[in-house]
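Peer 1: Could you look at this predicted model? Sequence included:
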Amino acid sequence: MTTTIMILNGPNLNLLGTREPDIYGAETLADIEAKVKARAEALGLAIDFRQSNIEGELVTWIQDARTSAAGIIINAAAYTHTSIAIMDALKACGLPIIEVHMSNIHQRESFRHKSYVARVADGMICGLGSIGYELALEAVAARLSKD
Ligand code: DQA
């Protein structure tokens, strides 16, 4: 059976490609999914790539990942900076977690500097655009082959 990595995207990331392209670039979320899927296949992994604007839906998906996935890559978008519920769900999942942000959140407004996800993630990649998702996949793959 192929090992599956759940890749979760939070609010407004469905608008990538048209949303603030000076910050987030011109690629759509579907473009990113296709690129990450190809990288996953090369690593012998499968991905379950999802996006939601709803906090509770993301919490439910993180709970589901406990039985359906071997790791989580998450760009929780604005919920990164606000959601104790997502942090708690991640903490309970017992899986490797890599946090991703397209932009460098530390160079932006001070309210983006705090990440609840970072408190429970194994690592964070930010500021590298969509390549961050691919690097996160490499990190999860390395982590799984070490276990
Ligand atoms: C983001 C950064 C967040 O601060 C912001 O709310 C987003 C996207 C990023 O990928 O750079 O929606 O997570």
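Peer 2: Thanks, I have the structure now.
Peer 1: So stretch 102-121, near the ligand or not?
Peer 2: Yes: among the residues of stretch 102-121, 102-103, 105, 112 lie within reach of the ligand under Cβ under 6 Å from any ligand atom. In short, each C-beta sits where N, CA and C put it, glycine included.
Peer 1: Can you redo the residues you listed as a markdown table, where the extra columns are neighbour count, pLDDT and secondary structure?
Peer 2: A markdown table is the format used below for these (neighbours: other Cβ atoms under 10 Å; pLDDT from 0 to 100; DSSP: H, G, I helix; E, B strand; the rest coil):
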| residue | neighbour count | pLDDT | secondary structure |
| --- | --- | --- | --- |
| 102 | 24 | 98 | coil |
| 103 | 17 | 98 | coil |
| 105 | 20 | 98 | helix |
| 112 | 17 | 98 | helix |
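Peer 1: Identify the farthest-apart pair in those residues.
Peer 2: Of all pairs drawn from the residues of stretch 102-121 next to the ligand, the greatest distance, 11.9 Å, lies between 102 and 112 (Cβ to Cβ).
Peer 1: Not including adjacent chain positions, what is the nearest residue to the most centrally placed residue in the chain?
Peer 2: For the chain, the residue sitting closest to the mean C-alpha position, by Cα atoms, centre = their mean, is residue 74 at 2.0 Å. Excluding the flanking residues, the one nearest residue 74 by Cβ to Cβ, 6 or more residues apart in numbering is residue 8, at 4.6 Å.
Peer 1: next one: residue 107
Peer 2: Closest residue to residue 107 apart from its sequence neighbours, by Cβ to Cβ, 6+ apart: residue 127 at 7.2 Å.
Peer 1: could you pull out the strands for the protein?
Peer 2: Taking DSSP state E, the strands of the chain run over residues 3-9, 45-51, 71-75, 97-101, 123-126.
Peer 1: Which among these is found nearest to residue 83?
Peer 2: The nearest among the strands of the chain, by Cβ to Cβ, is strand 71-75 at 10.7 Å.
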